[in-house]
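Chemist: here is a sequence with its predicted model. Questions after.
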Amino acid sequence: MALRPHPLELFLFSCGLLLGATGSLSAQFRKPYEIHIQADGLTGGDQQTPFWLRANEFGLIPLKGPAGIFRAGASLNFATALPDSNKANRRKLDWGLGVEGVQITGPEKQFVLPEAYAKLRYGRVELWGGRRKEFIGITDTTLTSGSIVWSNNALPIPKIQIGTAGFIPLKFLNNFVALKGSFAHGWFDVPYIQGAYLHYKSLHGRFGKPDGKVAFYFGINHMVQWGGHAEYLKNSPVAVNGHLTTAPKDFLWGILLGQLSQERENDRFTGFDGENRVGNHLGNYDIALTVKGERQSLLFYHQHIFEDLSGLLFLNHFDGLYGLSWSLPHAYDKSTRLNKLLFEFLTTNDQAGSTFDITARFQGGDNYFNHSQYVQAGLIMIRPLEPHYYPCIGN
């Protein structure tokens with residue numbers, strides 16, 4: 001249960017020092033780089049740090065103070081422009097890397113690496129591996145409360161990902177349509193289950209010219225937590241001797257394709273996987289519209305959540321995250337301090353019905369983020385697969 005300290009019972013003080021540098025290497029390489037050093041201090045009452053101070057901080061803000069947070073990082077970025085940029089791509093092969101170390105002092109003393117990755121781009125294809133900060137789903141990344149199925153409240157999951165280098169315009173459609181996709185495999189590092197994997201894939205389309213004023217976006221993000229073994233799964237009717245299947249055929253059919261198994265149960269999985277699907281599936285549709293003016297822009301987005309076929313067919317109706325962002329990057333009056341406003345609204349009331357019927361075609365009763373095999377699926381401080389709106393952040 002989340003703690004809710006009274007405003008008069010909690011005093012919080014945070015101060016920070018940020019030093020940074022950007023530029024490019026020698027004329028021979030011309031690779032842009034970035035170096036940053038940051039120091040923060042945090043202190044408060046006996047209660048835990050307010051949740052919203054830890055939101056979108058990748059698990060780097062400790063639950064209790066006083067604490068010091070010291071960060072240092074560096075990155076080398078691609079020198080070539082994205083395929084749909086107006087700039088020419090002078091090189092087909094490009095590379096980059098990044099690393100950030102964070103030392104946390106205080107009651108929760110620890111050293112973490114929120115970022116340590118290498119990336120390679122060849123033409124329109126990009127490959128990267130390691131731990132990397134990222135936003136999944138279309139949203140206002142600067143002010144959002146968090147994407148609906150993938151929050152940034154925990155350390156990023158180590159993974160290997162291949163995908164397009166941004167949106168790829170389709171020339172035979174006069175660049176009016178562009179596609180972007182990705183495919184990834186990750187490794188969960190959580191205390192309650194060992195050897196669990198992440199499967200992630202996405203596909204998005206953009207309808208509108210790259211330099212146009214109006215563009216419509218539609219896409220899908222699909223992620224699955226699968227495999228693993230744990231003590232609590234021993235003698236459990238949802239696992240085989242404490243293990244969840246990692247067989248290639250089960251991955252191909254149940255994880256990659258998201259299909260029901262042709263067998264109800266076997267020596268690899270029980271009837272729980274046979275009647276449902278192998279793994280803990282969740283994802284969302286991205287629906288967005290951008291309108292750009294000379295001095296302002298608008299972004300409307302909707303992230304429609306799904307966990308099974310009922311959500312994929314919109315039988316959970318209006319469930320999801322809605323956002324409207326108004327940006328003023330070039331304000332008329334330079335003294336104006338307002339440069340962006342964001343309104344977000346979340347609803348999860350429908351859930352495709354109030355009851356779950358396993359014999360029905362669409363089943364219903366989508367109690368989001370609960371799962372019988374991954375019992376801590378709702379702990380957003382353990383897994384970054386849940387947004388901030390489900391604050392089950394107790395130990």
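Modeler: Looks like it arrived, so ask away.
Chemist: quick one: strands adjacent to the strand or helix carrying residue 42?
Modeler: Applying DSSP states H and E as the criterion places residue 42 in strand 32-43. The pairing partners recorded for strand 32-43 under DSSP bridges are strand 13-24 (antiparallel), strand 67-76 (antiparallel).
Chemist: among the ones you listed, show the one with the smallest mean pLDDT.
Modeler: Note on these: lowest mean pLDDT is at strand 13-24, with a mean of 57.
Chemist: where does residue 273 land in three-state SS?
Modeler: helix (DSSP: H, G, I helix; E, B strand; the rest coil).
Chemist: could I get the contacting residues of it?
Modeler: 238, 244-245, 250, 254, 261, 265, 279 (C-beta atoms under 8 Å, 6 or more residues apart in numbering). Where you see a C-beta, it was placed from the backbone N, CA and C, and this is true even at glycine.
Chemist: lowest pLDDT pick from the residues you listed?
Modeler: residue 261 (82).
Chemist: which stretches of the stretch 51-200 of the chain form strands?
Modeler: Here the stretch 51-200 of the chain has its strands, by DSSP state E, counting those that start in this stretch, at 67-76, 93-105, 110-122, 125-131, 159-164, 168-169, 177-187, 197-207.
Chemist: how far is the strand holding residue 42 from where the chain is centred?
Modeler: 22 Å (C-alpha atoms, centre = their mean, to the nearest Å).
Chemist: how about it, which residues are buried there?
Modeler: Using 16 or more other C-beta atoms under 10 Å as the burial criterion, the residues of strand 32-43 that qualify are 33, 38, 40-43.
Chemist: among these, which two are most distant?
Modeler: 33 and 43 (34.3 Å; C-beta to C-beta).
Chemist: relative to residue 118, how far out is residue 344?
Modeler: Remark: distance between residue 344 and residue 118 (C-beta to C-beta, to the nearest Å) = 34 Å.
Chemist: do the same with residue 66
Modeler: 36 Å.
Chemist: domain ranges for the chain?
Modeler: Domain assignment for the chain, taken from automatic domain parsing, gives 1-133, 134-227+279-395.
Chemist: any idea which of those is most buried?
Modeler: domain 134-227+279-395 (a mean of 18; mean count of other C-beta atoms under 10 Å).
Chemist: in a strand, residue 325, correct?
Modeler: Yes: secondary structure of residue 325 (three-state DSSP): part of a strand.
Chemist: quick one: contacts for it?
Modeler: With contact set as C-beta under 8 Å, 6+ apart, residue 325 has these partners: 140, 143, 298-301, 340-343.
Chemist: so for the closest residue to residue 213 other than its chain neighbours, what's the pLDDT?
Modeler: Counting by C-beta to C-beta, 6 or more residues apart in numbering, the nearest residue to residue 213 once its immediate chain neighbours are dropped is residue 292, at 4.8 Å. Predicted confidence (pLDDT) at residue 292: the value is 93.
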